[in-house]
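Chemist: Structure for the following, please:
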Amino acid sequence: MTQFGRRGRLSPDVAAARRLVLDAVRAHPGAGGDPLVLVACSGGPDSLALAAAAAHFARRGVLRVGGVVVDHGLQEGSAEVAARTAETLRGLGLDPVHITAVTVRRGTEGPEMAARTARYAGIAEVVRRTGAAAVLLGHTLDDQAESVLLGLARGSGTRSLAGMPPVRELDGVTYLRPFLELTREQTLAVCAAEQLEPWHDPTNGDTTLTRSRIRHRVLPVLKAELGPGIARALARSAAILGPDARFLDEAGGELLARARAAAPPAPGPGGQEPGGALRLDLEVLQEAPEALRRRALAAAVVAAGGQSPSHERLGALDALARGRGAAGPVQMAGKVSVWRRRPQPGTRGPGHLELAGPRPGGAAAPESGPASHEERREG
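Modeler: From the prediction side, this is the model:
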């Protein structure tokens, strides 16, 4: 018998899943009460267990819960899998349930990232059509542990090692991850208790993909050598680092705003550089701690139209901001060039940074006055 209309004791895994869902939704001010919440469901055990837990509150009238199923079209029969999953969600009591077919475009991204980009775009479109207040994602404690190991393997910083946040805003959509404290084994137990037959994605066993290798090869070795609690320990590290990363990111954003406000006005109309270049006051940057300065510089590159810089490129940009070596240009991914400019006539201080995005026809960034000694010897 399923847990709906059951007799006897409630499964502890089902109880834990339901509690986590209700706590996550109640913690998000815009998702409680009447507003619609969507469960993103692939038909796999994690998202199906999430749908079952959310459906409990839909049946009781506590939440209004719908579903969204993304068909990536990457496997034969994917449309049939999506249709069966949507039918299961409707059977649980979710309404409305939408299937969205997406096109995965593999450009410079790897296959996993390309599929993720397409998936989130498809979900966002359904959110816009339904007016949903939030989307629930079924990532588990095991997924979080894998994310931390991926960050370690890539040599990433605090933000990556903090793993997946329990709440995230992306393209105007709020995503909630209630199951980051629940293991994959528990979601399988929830499906069994609810008499649900999950679909098992064959790509999860494809060890040519980095995350699958971590799941099937790396984590088992770590569990054998360090004990079965390693996944929970990695997830706990992410939970500790998460608030730290958010605090540092916010402080870095505030530093960037101060550096922009203190920089001399650009010569263009309204103080804007031709091509949308940014100016940052070097004194403000140099007085800041390195952790905040680097975050501010990385955010400035993105604001100038570039890509989030690698560790090596960010180190070169930080050296430029500290007044080390030649005055530029330092080239950043996304065709952003950065110069260190000397103080303008009649002013004091170390000067400012100028970040210029890509320009039509490959034109160089404009000069902002006579070159300093460091600029002259750059060539």
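Chemist: any idea how far stretch 146-155 is from the chain center?
Modeler: With CA atoms, centre = their mean, to the nearest Å as the basis, stretch 146-155 stands 14 Å off its chain's centre.
Chemist: Could you do stretch 284-294 as well?
Modeler: For stretch 284-294, the distance to the chain centre is 24 Å (CA atoms, centre = their mean).
Chemist: got it, and stretch 288-303?
Modeler: Remark: stretch 288-303 is offset 18 Å from the chain centroid, using CA atoms, centre = their mean.
Chemist: Could you list the buried residues of it?
Modeler: For stretch 288-303, the neighbour count (16 or more other CB atoms under 10 Å) marks A288, L292, R293, R294, R295, A296, L297, A298, A299, A300, V301 as buried. For the C-beta atoms, the positions are set from N, CA and C on the backbone; glycine is no exception.
Chemist: So which other helices or strands are in contact with the lengthiest helix in the chain?
Modeler: Scanning the chain for the helix with the most residues, using DSSP state H, yields helix 230-262. If you count contacts as 3 or more CB pairs under 8 Å, 6 or more residues apart in numbering; DSSP states H and E, helix 230-262 packs onto helix 141-153, helix 158-161, helix 219-226, strand 278-281, helix 282-287, helix 290-303.
Chemist: Mind giving me the packing neighbours of the first one?
Modeler: What that stands for is helix 141-153. Using 3+ CB pairs under 8 Å, 6+ apart, the elements in contact with helix 141-153 are helix 158-161, helix 184-193, helix 210-213, helix 219-226, helix 230-262.
Chemist: by how many degrees do the longest one and helix 290-303 diverge?
Modeler: Orientation note: helix 230-262 sits at an angle of 70 degrees relative to helix 290-303 (axes from the mean of the first three to the mean of the last three CA atoms, to 10 degrees).
Chemist: ditto for the fourth one
Modeler: Helix 219-226 runs at 180 degrees relative to helix 290-303, counting by the same axes, to 10 degrees.
Chemist: What lies in contact with helix 219-226?
Modeler: D142, A145, E146, L149, I230, A231 (CB atoms under 8 Å, 6 or more residues apart in numbering).
Chemist: Narrow the residues you listed to just the buried residues.
Modeler: Neighbour counting by 16+ other CB under 10 Å classes D142, A145, E146, L149, I230, A231 among the contacts of helix 219-226 as buried.
Chemist: What is the nearest of those residues to S237?
Modeler: Among these, A145 lies closest to S237 (CB to CB), at 9.0 Å.
Chemist: Correct me if wrong: that closest one contacts A231.
Modeler: Yes. Using CB atoms under 8 Å, A145 is in contact with A231, at 4.0 Å.
Chemist: so what secondary structure elements neighbour the longest strand along the chain?
Modeler: Longest strand of the chain, by residue count under DSSP state E: strand 64-71. Counting contacts by 3+ CB pairs under 8 Å, 6+ apart, strand 64-71 packs against strand 36-40, helix 45-59, helix 78-92, strand 97-101, helix 111-130.
Chemist: Report the mean per-residue pLDDT for stretch 52-62.
Modeler: Per-residue pLDDT over stretch 52-62 has a mean of 94.
Chemist: What lies in contact with it?
Modeler: By CB under 8 Å, 6+ apart, the residues outside stretch 52-62 that reach it are 3-4, 14, 17-18, 20-22, 25, 37, 39, 63-65, 89, 92-95, 136, 178, 190-191, 194, 196.
Chemist: which parts of that stretch are buried?
Modeler: For stretch 52-62, the neighbour count (16+ other CB under 10 Å) marks A52, A53, A54, A55, H56, F57, A58 as buried.
Chemist: Quick one, grab the pLDDT at L20.
Modeler: Listed pLDDT for L20 reads 97.
Chemist: ah, wrong one, I meant S372
Modeler: We note a pLDDT of 33 for S372 in this prediction.
Chemist: and W199, how far is that from P111?
Modeler: W199 sits 19 Å away from P111, going by CB to CB, to the nearest Å.
Chemist: Looking at the two, which is more packed in?
Modeler: Per other CB atoms under 10 Å, whichever of W199 and P111 has more neighbours is W199, with 17 against 14.
Chemist: Three-state assignment for P228, please.
Modeler: Counting by DSSP: H, G, I helix; E, B strand; the rest coil, the backbone at P228 sits in coil.
Chemist: got the contact list for it?
Modeler: Going by CB under 8 Å, 6+ apart, P228 touches no other residue.
Chemist: circling back to that earlier point, check the helices and strands packed on strand 64-71 for me and report the most buried one.
Modeler: helix 45-59 (a mean of 25; mean count of other CB atoms under 10 Å).
Chemist: That one versus helix 141-153: what angle between them?
Modeler: Counting by the same axes, to 10 degrees, helix 45-59 lies at 130 degrees to helix 141-153.
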